[in-house]
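Enquirer: let's see this in three dimensions:
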Amino acid sequence: MDTTRKSGRWVSSKLALSAVLVAALSACGKGDSGGDLVQQVRIKTYEQSGELFAELKAMLNTGAMMLAGLDIPIVDRKHPGVILGHFTVSNVFCGKPFCSGSELTVSLSLTKMLDADPAQALLPNGSPLPVGGLAGVPIVSVNAGDSGARIYLGISETVAMLGLALPFREFDQVGSNLPGFNIFLPIDSDEGTRGVAGIFTGSAPGQSGLALFLDFSDKLGSATSLAREGRMSTLAVREPARLSFEERIPDSRSVKKIFKRLNRLDRERTVLHLH
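Expert: Numbering: from 1, shown residues only. Next comes the predicted model:
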């Protein structure tokens, strides 16, 4: 049902999508421009105790809706005693009526993640990730505890991608009526971070929610030390690559239907819970 468009085309569809991401998830934003679903995206890498870490911070504009707060470890499923990182959700308020946002923080040991088994690179609804340029780079996917949140990592000596999918119980009603849709637009970050964010839906519980995927290839920094240690030898691509992010927009009629159901959740000031 999805269509992928080149940037600059299908303006009417983009406006319809803006209605979904702006009105249904009414943003506090900065000034009059608070129309982005995701704002203030930052990724950094750092070394600690001989391990290379990545930290993602992103603010979701959720309008009258609010994400239930949590702080949970990211654990290797095959080795439950190995903690790969932490995932937290904290809520902030912008001082206006029915206006809130949720800050997501993912801290991840890239060193330990490289030991995890590659997974099938799919969204929770079974659709391919909206990311290109990863040919030959295995994707590692792990869950954040039992929350249903899924973290994706694709890394080599030349590219690095970090993704996060958040399936919400309250979005199940959207997906059960409008399954199999993906709405993704590029992220325009003040910090220069490239990526894509949007909505995915599926017919089964846990298959509908929000997702974002980011490029942090320019922040690999000391990842070369991992290569020297042989930790990335199986992940290296043969030629330098550049990640691309796919814009996905369904037909305008479907977008309006999705908007209508999301807007209802917004009017009810729904608290969103991860599966």
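Enquirer: helices and strands of this structure: which one bottoms out on pLDDT?
Expert: Across the helices and strands of the chain, mean pLDDT, DSSP states H and E gives its lowest value to helix 11-18, namely a mean of 41.
Enquirer: following the chain past that one, name the next helix or strand.
Expert: Following helix 11-18 in sequence order, the next helix or strand is strand 38-48 (DSSP states H and E).
Enquirer: now that following strand - C-alpha only, PDB.
Expert: Extracted C-alpha coordinates of strand 38-48, given in PDB (Å, rounded to 0.1, in the frame of the first residue of the first chain):
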ATOM      1  CA  VAL A  38      10.600  14.400  16.300                       C
ATOM      2  CA  GLN A  39      12.700  17.400  17.400                       C
ATOM      3  CA  GLN A  40      16.000  18.000  19.100                       C
ATOM      4  CA  VAL A  41      17.600  14.800  17.900                       C
ATOM      5  CA  ARG A  42      21.100  14.300  19.100                       C
ATOM      6  CA  ILE A  43      23.500  11.300  18.800                       C
ATOM      7  CA  LYS A  44      26.900  11.100  20.300                       C
ATOM      8  CA  THR A  45      29.500   8.300  20.700                       C
ATOM      9  CA  TYR A  46      31.900   7.900  23.500                       C
ATOM     10  CA  GLU A  47      34.300   5.400  25.100                       C
ATOM     11  CA  GLN A  48      33.900   4.100  28.600                       C
END
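Enquirer: average pLDDT across it?
Expert: For strand 38-48, mean pLDDT rounds to 85.
Enquirer: and what of stretch 165-179?
Expert: 94.
Enquirer: who touches stretch 168-177?
Expert: Residues from elsewhere that reach stretch 168-177, judged by CB atoms under 8 Å, 6 or more residues apart in numbering: 125, 201-210, 257-258, 261-262, 265, 270-275. No exception for glycine: its C-beta is placed from N, CA and C like everyone else's.
Enquirer: buried ones among those residues?
Expert: Neighbour counting over the contacts of stretch 168-177 (16 or more other CB atoms under 10 Å) leaves 125, 201-202, 206-210, 257-258, 261-262, 265, 270, 272, 274-275 as the buried ones.
Enquirer: packing partners for the strand or helix carrying Asn91?
Expert: Using DSSP H and E, Asn91 sits in strand 83-93. Strand 83-93 sits against strand 66-67, strand 70-75, strand 100-109, with contacts defined as 3 or more CB pairs under 8 Å, 6 or more residues apart in numbering; DSSP states H and E.
Enquirer: now that strand: buried residues?
Expert: 84-87, 89.
Enquirer: where does pLDDT dip in the stretch 151-275 of the chain?
Expert: Scanning the stretch 151-275 of the chain for pLDDT under 70 picks out 188-191, 221-241.
Enquirer: for Leu129, which of the helices and strands packed on strand 83-93 is the nearest?
Expert: Of all the helices and strands packed on strand 83-93, strand 100-109 sits nearest to Leu129, with 16.3 Å by CB to CB.
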